[in-house]
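>>> For reference, the sequence and a predicted model appear below.
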Amino acid sequence: MSKYFTAEITGNRFLNKYFKLLGLRSDEGPMLPEPGQFYMLQAGNTCDPLLKRPFSIFKQEENSLQFLYRVRGKGTRSLALMKEGDTLQVLGPLGNSYPLPEGDFIAVAGGIGLASLLPLLARCPAKAHFFYGARNRDELVMAVEAELLAKDMVIATDDGSAGRNGLITGALSDYLSSHPGTSALPVYACGPAPMLKALHRVIAEKGMRCYVSLEEHMACGVGACLGCVVKTTSGYKRVCKEGPVFDMEDIVW
Amino acid sequence: MVNLSVDIGRLTLKNPVMTASGTFGYGEEYSEFLDLNRLGAVVVKGLSPTPRQGNPVPRVVETPSGMLNAIGLQNIGIKAFVKEKLPFLRRFDTPVIANFFGDSVEEYVAAAGELSAAEGVAALEMNISCPNKQAGWIVFGTDPCAMKEVVSAVRKATTLPLIVKLSPNVTNIGFMGKVAEECGADAVSVMNTITGMVIDVKKRRPVLANNTGGLSGPAIRPVAVRMVWEVCRAVSIPVIGMGGIMTAGDALEFLIAGARAVAVGTANFVNPCATVEILEGIARFMEEEGISDINKLIGSLTVN
């Protein structure tokens, strides 16, 4: 059940140069989102930016919600200016969620894709072989928290400033080859399109099962506008409604 | 208590607040957030005789105080709508207005016929902003001759109240409204989206996969109010006003300009309860102003 409600900002602080953590409180009662679900958040107090923005739920307790976001475009810059005590309109929780793994699993996060996967790691502690890729060390966030929740963790950066030098999908490929048996584990992934495309090649080659959380330009978040579709083997599907989590092999890459 | 009831030809609405086609899905998407019984009418996503896949992504992009969309009329087709979506909508005491389109006069006629035969469709709204493939991609809504042909043909194919949704991408929208009226339309909707484009300067490419899209939201509202005013002066059939309505104050501008009803579109994306909040705001305004009947407010504009 999703709701449309007013929430008060309890915090909106920078974790490092790029990432902020937004805390919201509402008296609407527990919302109980599942890992992978998202909320549409108002980003400012005027008609510009006009549309709400989708954010993966990062953490939820009783009447509070937390969102991890990267300050990048007009919407997130506007959201970043909002202060403790301000109120904003919230719609959610929306979309489907990650099917919960029964045992160990592999999780692959690229950049801010971490925000979507960390709740899954928190729900299933010490079960994830976690692969976390970013452009450089400044673009890594919450790595310590992720490591505490994961079974083991591999970091890769494009410039080698932290972890392995290179793509996270390369690191995953090597890991699968050197750890027999891990190819049977289910994979959960969220990240930029080039990462997901590269991941698809690895997954297809090994014949693995992968659940992927997708992003697309979104207007309504509830399945009405048909703006956020993704091409699947059975036609266009709405990222906000049938997704954001899809079986990787159903997507036309 | 104030009287909010208005007539659109033979169709009586309990209040003048409707949804704009394409922004409210088939109603069920928003039924979680508001009581559909409270709406004047539900106008559903545009339907065609056969399902449409729509355009590739990106299909939407935000613009200053607005958005561009190029969904490409994706829809499940009339048969699936009647079987899967209409039974849900019939449960509410709110008229369902079916928006429809085709790629040829024959398709428009077929769509109108099929929808007229369905139980629970109260009126039809014609989207004439699609190109006529047979006549070499002339847009039905911008060429008066093409419009005359298609509206006259549809008029013969249905006895339901027929609303023609006018395109703003014309020089004289009042004239287009007059053409629709002469072809037998019971009402006109003013207006559809304004064609626009956003360019990604680094890629030197349009952001939308379709290159251009329809602009909606508060950015277009003054244009829409002006067009409603012009059409109201040109025709004697009811005009349904729409274009960037976000608040009751916005809706009132359209009503005062002469619109018999209003449709709320992009605002639904921003606030799923927008329609109901606008309705409550209109009633509050009338009480404050001592107006007992909304029909006394409609067209009450005094020009300078």
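Yep, it's here.

>>> how about the residues of chain A near chain B?
A:1-4, A:47-52, A:74-75, A:89, A:91, A:216-231, A:235-236, A:241 (Cβ under 8 Å from any Cβ of the partner chain). C-beta coordinates here come from the backbone N, C-alpha and C atoms, glycine included.

>>> Check which helix or strand the nearest residue to residue B:228 once chain neighbours are set aside maps to.
In space, and not counting its chain neighbours, residue B:228 is closest to residue B:241: 4.3 Å by Cβ to Cβ, 6 or more residues apart in numbering or on different chains. Assigned by DSSP states H and E, residue B:241 belongs to strand B:239-242.

>>> Show me what the helix or strand following that strand is packed up against.
The C-terminal neighbour of strand B:239-242 among helices and strands, as given by DSSP H and E, is helix B:248-257. Applying 3 or more Cβ pairs under 8 Å, 6 or more residues apart in numbering or on different chains; DSSP states H and E, we find helix B:248-257 packed against helix B:221-234, strand B:239-242, strand B:261-264, helix B:274-289, helix B:294-297.

>>> Please report the distance of the residue nearest to residue B:228 from residue B:251.
As judged by Cβ to Cβ, to the nearest Å, residue B:241 and residue B:251 stand 8 Å apart.

>>> Between the two, point out the one with more neighbours.
residue B:241 (31 against 27; other Cβ atoms under 10 Å in any protein chain shown).

>>> Surely the more buried one touches residue B:226?
No - counting by Cβ atoms under 8 Å, residue B:241 stays clear of residue B:226, with 10.9 Å between them.

>>> coming back round to it: figure out which of the helices and strands packed on helix B:248-257 is closest to residue B:192.
Of all those, it is strand B:239-242 that lies closest to residue B:192, at 8.6 Å by Cβ to Cβ.

>>> per-residue confidence averaged over the closest one?
The pLDDT scores in strand B:239-242 average 98.

>>> max-length strand in chain A?
Among all segments of chain A classified by DSSP state E, the strand with the greatest residue count is strand A:3-14.

>>> other SSEs contacting the helix or strand bottoming out on mean pLDDT in chain A?
In chain A, no helix or strand scores lower on mean pLDDT, DSSP states H and E than strand A:59-61, which sits at a mean of 88. Contacts defined by 3+ Cβ pairs under 8 Å, 6+ apart place strand A:59-61 against strand A:64-70, helix A:114-123.

>>> Relative to it, what are the paired strands and their orientations?
Strand A:59-61 sits in its sheet next to strand A:64-70 (antiparallel), going by DSSP bridges.

>>> Which pLDDT value goes with residue 82?
This is for chain A. 95.

>>> oops, chain B please
Per-residue confidence (pLDDT) for residue B:82: 98.

>>> Any idea how many residues pack against residue A:134?
27.

>>> now it: how far from chain B?
Residue A:134 is 22 Å from chain B, where distance means Cβ to the nearest Cβ, to the nearest Å.

>>> and the helices and strands packed on strand A:59-61, which is most packed in?
Highest mean neighbour count among the helices and strands packed on strand A:59-61 (mean count of other Cβ atoms under 10 Å in any protein chain shown): helix A:114-123, with a mean of 24.

>>> Sheet-wise, list the partners of the helix or strand following that one with their directions.
Next helix or strand after helix A:114-123 toward the C-terminus (DSSP H and E): strand A:128-134. The strands beside strand A:128-134 in its sheet (DSSP bridges) come out as strand A:105-110 (parallel), strand A:152-157 (parallel).

>>> roughly how far out does strand A:128-134 sit from the chain middle?
Put simply, strand A:128-134 sits 13 Å off its chain's centre (Cα atoms, centre = their mean, to the nearest Å).

>>> average pLDDT across that strand?
Across strand A:128-134, pLDDT averages out at 97.

>>> now that strand and helix A:114-123, what's the angle there?
With axes from the mean of the first three to the mean of the last three Cα atoms, to 10 degrees as the basis, strand A:128-134 and helix A:114-123 are set at 160 degrees to each other.

>>> Not counting the helix or strand just after strand A:128-134 itself, show me its contacts.
Following strand A:128-134 in sequence order, the next helix or strand is helix A:143-149 (DSSP H and E). With Cβ atoms under 8 Å, 6 or more residues apart in numbering or on different chains as the contact definition, helix A:143-149 has outside contacts at A:109, A:114, A:118, A:121-122, A:125-126, A:128, A:130, A:132, A:153, A:155, A:162.

>>> on that earlier part again, which secondary structure elements does the very next helix or strand once past the longest strand of chain A contact?
Downstream of strand A:3-14, the next assigned helix or strand under DSSP H and E is strand A:19-25. With contacts taken as 3+ Cβ pairs under 8 Å, 6+ apart, strand A:19-25 sits against strand A:3-14, strand A:64-70, helix A:74-80.
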